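K.L.:
sequence isn't available, so here's the structure alone:
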Ligand SMILES: [Mn+2]
């Protein structure tokens, strides 16, 4: 029996006023897709099975290094965060897992498991943190962690990752994501080769402790917090790491961690082709970093990424990348942002499923550049909202995510019991 935070009657009442129009829109889209030889129900089924993980830290209000402006009713601890995640899952029916961050979410693993299973939520990848100092730790990560010059610091960082694996084993996670902030701010500050050697040795120690059915994801990021050089800065270095470590090691692609104008969909294709694409952190960006909501700036790029994923799905056996949202909500209610982002990721997937793959292949092989790109445009320009909304409706979710969430009064309710978190401090998430 799954507990519901939002009263199902609230969702039903909101859906009731929209259902007739949705059915008309769905039927009309079904008819148009049928003319293109596409069965709408088959697309809906795939969309309904799709899930993207919500990061626990995403439900808190984010900030920049300058300031953080708290929101109302922010979660006080991981158990509040799990409840917020349950709301997102209930309304979207597209986020069945939560990704934890240690030490931010440290709690009794059995309690964590209980709290999540109450809402039928599972746990996605564990995220370690050696980019900040935890209270009371012996060595500081100011000058690096897994790649630090100092051995005691590296050992401590390894130990922390091993602890994340242990916690993950208890709660049913199957993966560890490692992102480090290690790098340098000045030319000459570090020796690139020595630093990378330290990193690889540390990762080998972590990899050795990985259970057989787990995956290890390394995440690259071009810059920040180190601004001159970063140890794991791009997909090339990331590929070397995954290759060096072994079969359970994969690259994680965060859409925001690339140089401007980089062709991310091609990186996706390359990593998939060589069996090293582990998964994604979805978000969007205009200039740099990874802070904006997925689909908010460049939905066409998100579609092109999914176009490669659908291609890879058909091309390679056992292709199962992990999907997670990773974005910062500074000016919105995080639940609202995460719901709409989950839907936008799902939308890109649905659009990619509409691509006429046979036609595309024929155009490519006939050197018909416009014909090929038209195959993509036709799919991208199809409004798939009725498919997404129908998938939600049939699973007990909301036809209109924002309206239903706002009508539920959830934020006001939690604001009454969760005290406001102090403003003024800078904050990253
Ligand atoms: Mn990320």
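P.N.:
Yep, it's here. Computed from a predicted model, the values in this text were never measured in an experiment.

K.L.:
okay, now the residue of the stretch 51-200 of the chain found nearest the ion: neighbour count?
P.N.:
At 6.3 Å from the ion, residue 179 is the closest residue in the stretch 51-200 of the chain, using CB to the ion. C-beta coordinates here come from the backbone N, C-alpha and C atoms, glycine included. Using other CB atoms under 10 Å, residue 179 is surrounded by 21 other residues.

K.L.:
kindly report the same for residue 7.
P.N.:
The burial count for residue 7: 10, using other CB under 10 Å.

K.L.:
quick check: closest non-adjacent residue to it.
P.N.:
Once flanking residues are discounted, residue 7 sits nearest to residue 408: 7.5 Å by CB to CB, 6 or more residues apart in numbering.

K.L.:
in whichever strand or helix holds residue 364, what counts as buried?
P.N.:
Secondary structure assignment for residue 364, by DSSP states H and E: helix 357-365. For helix 357-365, the neighbour count (16 or more other CB atoms under 10 Å) marks 357, 359, 360, 363 as buried.

K.L.:
ok, stretch 294-303 next?
P.N.:
294, 295, 296, 298, 299, 301, 302, 303.

K.L.:
ditto for stretch 376-384
P.N.:
376, 379, 380, 382, 384.

K.L.:
would you say residue 218 is within a helix?
P.N.:
No. Using DSSP: H, G, I helix; E, B strand; the rest coil, the assignment for residue 218 is strand, not a helix.

K.L.:
give me the residue from the stretch 301-429 of the chain nearest the ion.
P.N.:
Nearest residue of the stretch 301-429 of the chain to the ion (CB to the ion) works out as residue 326 at 3.8 Å.

K.L.:
OK, contacts around that residue?
P.N.:
By CB atoms under 8 Å, 6 or more residues apart in numbering, residue 326 lies in contact with 55, 58, 254, 256, 281, 282, 283, 290.

K.L.:
apply 10 Å and report the result again.
P.N.:
Residues near residue 326 by CB atoms under 10 Å, 6 or more residues apart in numbering: 53-55, 57-58, 99, 127, 177, 179, 219, 252, 254-257, 280-283, 290-291, 294, 341, 429.

K.L.:
just the ones of those residues in strands?
P.N.:
Of those, the ones assigned to strands by DSSP state E are 54, 55, 99, 127, 177, 219, 252, 254, 280, 281, 282.

K.L.:
out of those, which is most surrounded?
P.N.:
residue 54 (33 neighbours).

K.L.:
can you check the pLDDT for that one?
P.N.:
Looking at residue 54, its pLDDT reads 98.

K.L.:
now for the residue nearest to residue 4 when sequence neighbours are not counted: which residues touch it?
P.N.:
Once flanking residues are discounted, residue 4 sits nearest to residue 90: 6.0 Å by CB to CB, 6+ apart. By CB under 10 Å, 6+ apart, the contact list for residue 90 reads 2-6, 8, 11, 119-121, 395-398, 404-405, 408.

K.L.:
next one: residue 256 from the ion, what distance?
P.N.:
Here residue 256 is placed at a distance of 7 Å from the ion (CB to the ion, to the nearest Å).

K.L.:
what about that residue, neighbour count?
P.N.:
Other residues lying near residue 256 total 21 when counted by other CB under 10 Å.

K.L.:
ok so, going back, separation between the residue of the stretch 301-429 of the chain closest to the ion and residue 256?
P.N.:
Distance from residue 326 to residue 256, counting by CB to CB, to the nearest Å: 8 Å.

K.L.:
spit out the residues that contact the two alike.
P.N.:
281, 282, 283, 290, 291, 294.

K.L.:
check these against the ion, which are close?
P.N.:
Filtering the shared contacts of residue 326 and residue 256 for proximity to the ion (criterion: CB under 5 Å from the ion) leaves residue 281.

K.L.:
so which of the shared contacts of residue 326 and residue 256 is the closest to residue 331?
P.N.:
Closest approach to residue 331 among these (CB to CB): residue 291, at 10.6 Å.

K.L.:
and what about the residue most central in space within the chain, helix, strand or coil?
P.N.:
Centre of the chain computed as the mean C-alpha position; nearest residue by CA atoms, centre = their mean is residue 324, 1.8 Å away. Three-state assignment for residue 324 (three-state DSSP): strand.

K.L.:
so residue 213 sits in a helix?
P.N.:
No. Applying three-state DSSP, one finds residue 213 to be coil, outside a helix.

K.L.:
where does it fall, phi/psi-wise?
P.N.:
phi -100, psi 20 (degrees, to the nearest 10).

K.L.:
so how many other residues sit close to it?
P.N.:
8.

K.L.:
test my guess that it contacts residue 247.
P.N.:
No. Look at residue 213 against residue 247 with CB atoms under 10 Å: they stay out of range, at 11.9 Å.

K.L.:
from the shared contacts of residue 326 and residue 256, which single one is nearest the ion?
P.N.:
Ranked by distance to the ion (CB to the ion), those are led by residue 281 at 3.5 Å.

K.L.:
dump the residue contacts of the residue lying closest to residue 368 once chain neighbours are set aside.
P.N.:
Distances taken as CB to CB, 6+ apart put residue 362 closest to residue 368, at 7.9 Å, once the chain neighbours are dropped. By CB under 10 Å, 6+ apart, the contact set of residue 362 is 356, 368, 371, 372, 375.
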